[in-house]
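Novice: Predicted model and sequence follow; I will ask about them next.
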Number of protein chains: 2
Amino acid sequence: MAELIDGKQLAKTINARTQQAVTQLKAQGISPKLIVIIVGDDQASQIYVRNKHRKAKQLGIISETRQLPEETSQAELLEIIDQYNHDDTVHGLMVQSPLPPQIDEDAITRAISPAKDADGFNPVNVGNLYSNSPLNFPVSCTPKGIMTMLAAYQVKLAGANAVIVGRSNIVGRPMAALLLNASATVTVVHSHTKNMQAYTREADILIVATGIAHLIKGEDIKPGATVIDVGMNRDEDGKLTGDVDFDSAESVAGKITPVPGGVGPMTIATLLQQTVELAKWSE
Amino acid sequence: MAELIDGKQLAKTINARTQQAVTQLKAQGISPKLIVIIVGDDQASQIYVRNKHRKAKQLGIISETRQLPEETSQAELLEIIDQYNHDDTVHGLMVQSPLPPQIDEDAITRAISPAKDADGFNPVNVGNLYSNSPLNFPVSCTPKGIMTMLAAYQVKLAGANAVIVGRSNIVGRPMAALLLNASATVTVVHSHTKNMQAYTREADILIVATGIAHLIKGEDIKPGATVIDVGMNRDEDGKLTGDVDFDSAESVAGKITPVPGGVGPMTIATLLQQTVELAKWSE
């Protein structure tokens, strides 16, 4: 049976380190501050933002949620972002997705100062990542959290055959860059790939981020592989389930993340870790 | 025997189109202008810049080479870049590599306005590429030229298994992004990859950019594959030779680029094409 990669436990460890870092920064006169802007009343977003806020406060980060009405115009949102960009007390800034249709998400991503870009989505930071820049810069939190997991579970990256299923801007693409920067051999497979299993079965490290429940089964996995499941799907009974069929996978994989309790808890922990890094880098 | 991908001929076609586009832009009152800054006396760079200049003029592009002394400071170079960034008559701007040791190449890349970034190396544009942005933006010229070749020779990209050997910022990485954006399955292999041949032998499209002469032999190629050789190595006799062993490869490949006369001629053609695109986008 595969070793479980316990994201819940690891998130606690990361949070404890973040809390320590906050204490140290405060001793130097810097109080890390995160602003989360939310437009409209999307229920899932409201819950997610509330969780971020609560956890940030627990760790000593000053957290403010800026709730804007559903009918906020793009110009108004850009103006508010500009204010935070110029506010020296703010270190991390993000706008919760999804946004109402009158707002161009791409324009918002570009408007957030790269130095305060808590999500790591600004093209400057995406470019830094893909160029393997030696500078400090933020990175999309889910793949960054996965790198933390791989390191914590001592998964060897250099020379490993890493296969990423899914090519989203939030997970698949930045994951590919992070693993390539860490000298893994990297393949990205996606909906146009023919015979996906031919790739997944050769993967030493398999990252699955498709939003398709149970796409990957035990027979699609190389014996002993490390399997990271980014999926967060609801089954018919409303139960959270991954993109990997855990039951058949856990007898084949060497290490595997459960859903829930795997990648999920790492994302907020990484966002807060990154907020504190942004504060540190702003010195 | 493989079909030859004739980069020399295709570059002529691209140049003819560029010349036409220049004529059209001039009729609209826009005279595309390219500035190439060169620092010091590196002989290869001098020749390369002279070739760009001559070809640009032939196509009707206003071309200026700004020669700076070897001892130019970073601050002086940044000041000069800033002037061109603010000069509305300039559409394309690039700084020739290599730079003398007192100048930080990364800082120079960042200083060039993304809207005038003829080389496509600014992190904003790298980020646009990796995010598959719907906006207009420049891209590193060698991989962009390879995409033009693949299109001209009707190589099917969506669903193809593309393998890129080499992970440089100038070729391998942007090539991976372009092919992924075109819905190929993309693998990047490099010096840390174990058993590289296991990947190259499965490639429908094989792009080789390593700087290692004759690294890839016929036996490493899938029968019928499209093979693009980015190598420009000098052998003992000073003869230009590729990263692919052409003699053994051409009997296996379906389509193949020669060296010289393959990728090489496409790079300058693409730079000039892109300069005119930047002029058009600046409207």
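Specialist: Now that the structure is in, tell me what you want to look at. Numbers count the residues shown, from 1 in each chain, chains lettered A, B, ... in the order given.
Novice: How about the residues of the stretch 151-283 of chain A by chain B?
Specialist: Residues of the stretch 151-283 of chain A found near chain B (C-beta under 8 Å from any C-beta of the partner chain) are A:158-159, A:161, A:167, A:169, A:173, A:176-177, A:180, A:183-190, A:192-194, A:199. Heads up, the C-betas are built off the backbone N, CA and C, glycines and all.
Novice: Kindly list the longest helix within chain A.
Specialist: In terms of residue count, the longest helix belonging to chain A (DSSP state H) is helix A:7-27.
Novice: got any ranges where the stretch 51-200 of chain A has weak pLDDT?
Specialist: Counting by pLDDT under 70, the stretch 51-200 of chain A shows no low-confidence range.
Novice: Could you measure from the residue nearest to A:Thr210 when sequence neighbours are not counted over to chain B?
Specialist: Among residues not flanking A:Thr210 along the chain, A:Gly166 sits closest, at 4.5 Å (C-beta to C-beta, 6 or more residues apart in numbering or on different chains). Applying C-beta to the nearest C-beta, to the nearest Å, the value for A:Gly166 to chain B is 11 Å.
Novice: picking up where we left off before, any of the residues of the stretch 151-283 of chain A next to chain B buried? List them.
Specialist: Buried residues within these, defined by neighbour count using 16 or more other C-beta atoms under 10 Å in any protein chain shown: A:161, A:167, A:169, A:173, A:176-177, A:180, A:183-190, A:192-193, A:199.
Novice: Now the terminal residues of stretch A:255-273, how far apart.
Specialist: One end of stretch A:255-273 sits 25 Å from the other (C-alpha to C-alpha, to the nearest Å).
Novice: and if you look at stretch A:24-32?
Specialist: By C-alpha to C-alpha, one end of stretch A:24-32 lies 11 Å from the other end.
Novice: for stretch A:113-132, same thing?
Specialist: Chord length of stretch A:113-132, first to last residue, is 20 Å (C-alpha to C-alpha).
Novice: do stretch A:127-136 as well
Specialist: End-to-end distance of stretch A:127-136 (C-alpha to C-alpha): 12 Å.
Novice: Could you list the buried residues of that stretch?
Specialist: Those buried within stretch A:127-136 under the rule 16+ other C-beta under 10 Å are A:127-131, A:133.
Novice: what's the answer for stretch A:146-166, then?
Specialist: Using 16+ other C-beta under 10 Å as the burial criterion, the residues of stretch A:146-166 that qualify are A:146-150, A:152-153, A:155, A:157, A:160-166.
Novice: one step back: narrow the residues of the stretch 151-283 of chain A next to chain B to those in strands?
Specialist: Per DSSP state E, strands hold the following members of those: A:161, A:185-189.
Novice: In three-state terms, label A:Lys222 for me.
Specialist: Assigned with DSSP: H, G, I helix; E, B strand; the rest coil, A:Lys222 falls in the coil class.
Novice: pLDDT score assigned to it?
Specialist: Here the pLDDT value assigned to A:Lys222 is 98.
Novice: so where do the strands sit in the stretch 51-200 of chain A?
Specialist: Remark: strands assigned in the stretch 51-200 of chain A by DSSP state E, counting those that start in this stretch are A:62-68, A:92-95, A:161-165, A:185-189.
Novice: In CSV, list those strands along with distance to B:Asp247.
Specialist: Output for the strands of the stretch 51-200 of chain A, formatted as CSV (distance: least, C-beta to C-beta, whole Å):
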stretch, distance to B:Asp247
strand A:62-68, 65
strand A:92-95, 56
strand A:161-165, 31
strand A:185-189, 28
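Novice: So if we follow the domain assignment, how does chain A break up?
Specialist: A:31-113, A:141-264 (automatic domain parsing).
Novice: so can I have TSV of those showing distance to B:Ser31?
Specialist: TSV is the format used below for these (distance: least, C-beta to C-beta, whole Å):
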stretch	distance to B:Ser31
domain A:31-113	29
domain A:141-264	37
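Novice: So the residue lying closest to A:Asp41 once chain neighbours are set aside versus A:Ser45, what's the distance?
Specialist: Spatial nearest neighbour of A:Asp41, excluding adjacent residues (C-beta to C-beta, 6+ apart): A:Glu70 at 6.4 Å. Distance, A:Glu70 to A:Ser45, using C-beta to C-beta, to the nearest Å: 12 Å.
Novice: and those two? which has more neighbours close in?
Specialist: Neighbours were counted for A:Glu70 and for A:Ser45 using other C-beta atoms under 10 Å in any protein chain shown; A:Ser45 has more, 17 against 11.
Novice: can I assume the more buried one is in contact with A:Met94?
Specialist: No. Between A:Ser45 and A:Met94 there is no contact under C-beta atoms under 8 Å: 11.6 Å.
Novice: what sits against the closest residue in space to A:Ile81 that isn't next to it in sequence?
Specialist: With sequence-adjacent residues excluded and distances taken as C-beta to C-beta, 6+ apart, A:Ile81 is closest to A:Ala111, at 4.8 Å. Shown in contact with A:Ala111 (C-beta atoms under 8 Å, 6 or more residues apart in numbering or on different chains): A:78, A:81-82, A:85.
Novice: go on, A:Asp243?
Specialist: The contact partners of A:Asp243, by C-beta under 8 Å, 6+ apart, come to A:165, A:208-216, A:229-231, A:233.
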